[in-house]
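A.B. asks: Starting from these lines, generate the structure:
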Amino acid sequence: MSARRLAESVWMVGSGTDPAALTSPYDCHVYLFDGGTEALLVDAGTGLATDRLLAAIAGTGCRGRLTHVLITHSHADHAGGAAGLREATGVRVCASAETAAALRDGDEHRSQVAAARAAGIYPAGYRYPACPVDEVAGDRTTWTVGSLTVTAHASPGHCDGHLCFLVEHAGRRALCTGDAIFHGGRVSIQPIPDCRPYAYARTAERLAELDVDALLPGHGDIALDGAAAHLTAAADSFRRLVTPPNIVAEG
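C.D. replies: Sure thing, here's the model as predicted:
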C-alpha cells in the first residue's frame, strides 16, 4: 500500500475513498504527521484493513518512530483500528473520556456500532475491538511529538467526546476535524442519541476562531490552504440558525 503525501511531513495513510491512500471502504481518512524523532497518527480506521494501514505507514519511513495515535471520536470508522495498531506498534492511544469509555469496553452501543451495523453501514460480521486507552485527553490537552506541537480542541456536536487536533509544525497549522467540520463548511448531523445541533453550533464558532492553514477532515475533500473559509462557512450558517449542508446526505 502507498500513502498520499500532502506536505513535507504530512501523509494520508488510510482512507475509505481516496484512491491514493485506500485501505478499506469503511475507513475514515487517517493522517500521519512526521515530527522527525517521533511521529503520530490521527484516527485509526475500522481495523478491517490494519495490514494495509501498517504497510502505508511503513512506506513513509515512520513506522519505527510512531508514538501516538490520537482518536477524534468513538465511531468505528475512526476508532475501531486502535486496538490493532496498538498491538502491532506499541503506540499510545489517546482519546477523550467519552471515547475512552467506549474503546475500553468495546461498547457497540455507546459507539453506535450496533445501530450502524443494523443499518448496513458496516459488514454484518464486523465487531468493535476493545482497546486500552493510554491517555485521556480533554480540551486544550497538548502533546509534543518530536518537532510537532499538537493541541486537542473539544468539539461536541457530531457526538459527545469529539476532539479536533491542531497540529503545528514548521510554521504551518493543520486542523484534523474528524467528523466535526468538512470541506465547504459541511457537517455530519445524524439521528443518534448524542448528536447535538446546539453544541455543534458552538463548536463551529470556536473552531472558526482558530488560525488554521490546512483543513484535514475525516472524509471527503481536504484543503491544504485557506482552511479558515471552510470553518467560517459552517459557523456563519449556524449563526443564521440554518444547519449547514450535511455530508451524510451525499451517501
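
A.B. asks: Would you mind listing the buried residues in the helix or strand hosting Thr203?
C.D. replies: Using DSSP states H and E, Thr203 falls within helix 197-208. Within helix 197-208, the residues scored as buried using 16 or more other CB atoms under 10 Å are 199-208. From N, CA and C alone the C-beta is placed, and that goes for glycine too.

A.B. asks: and if you look at stretch 85-104?
C.D. replies: Buried-residue list, stretch 85-104, by 16+ other CB under 10 Å: 85-86, 89, 91-96, 98-103.

A.B. asks: and the buried residues of helix 197-208 as CSV, adding pLDDT and distance to Asp139?
C.D. replies: Formatted as CSV, those follow (pLDDT from 0 to 100; distance: CB to CB, whole Å):
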residue, pLDDT, distance to Asp139
Ala199, 98, 13
Tyr200, 98, 16
Ala201, 98, 17
Arg202, 98, 12
Thr203, 98, 11
Ala204, 98, 15
Glu205, 98, 14
Arg206, 98, 9
Leu207, 98, 12
Ala208, 98, 16
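
A.B. asks: picking that back up, following the helix holding Thr203, which helix or strand comes up?
C.D. replies: Per DSSP H and E, the helix or strand that comes after helix 197-208 is strand 214-217.

A.B. asks: just checking, what packs against that following strand?
C.D. replies: strand 4-7, strand 172-178, helix 227-239 (3 or more CB pairs under 8 Å, 6 or more residues apart in numbering; DSSP states H and E).

A.B. asks: what ranges do the strands span in this structure?
C.D. replies: Ranges of strands in the chain, per DSSP state E, are 4-7, 10-14, 30-34, 39-42, 66-70, 92-96, 135-137, 142-145, 148-154, 163-169, 172-178, 214-217.

A.B. asks: Need the CA coordinates for the second one. CSV is fine.
C.D. replies: This points to strand 10-14. Extracted in CSV, the C-alpha atoms of strand 10-14 (Å, rounded to 0.1, in the frame of the first residue of the first chain):
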residue,chain,number,x,y,z
VAL,A,10,2.2,15.0,6.4
TRP,A,11,0.6,12.0,4.7
MET,A,12,-2.8,10.4,4.3
VAL,A,13,-2.1,6.8,5.1
GLY,A,14,-5.6,5.4,5.2
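
A.B. asks: Hey, what's the angle from that strand to strand 30-34? Just curious.
C.D. replies: 150 degrees (axes from the mean of the first three to the mean of the last three CA atoms, to 10 degrees).

A.B. asks: Go ahead and measure how far strand 10-14 is from the middle of the chain.
C.D. replies: 12 Å (CA atoms, centre = their mean, to the nearest Å).

A.B. asks: Please apply the same query to the shortest one.
C.D. replies: On the basis of CA atoms, centre = their mean, strand 135-137 sits 15 Å off its chain's mean C-alpha point.

A.B. asks: contacting residues around it?
C.D. replies: 70, 92-97, 100, 152, 163 (CB atoms under 8 Å, 6 or more residues apart in numbering).

A.B. asks: Next, count neighbours for the closest residue to Thr67 other than its chain neighbours.
C.D. replies: Excluding the flanking residues, the one nearest Thr67 by CB to CB, 6 or more residues apart in numbering is Glu38, at 4.6 Å. When neighbours are counted by other CB atoms under 10 Å, Glu38 registers 18.
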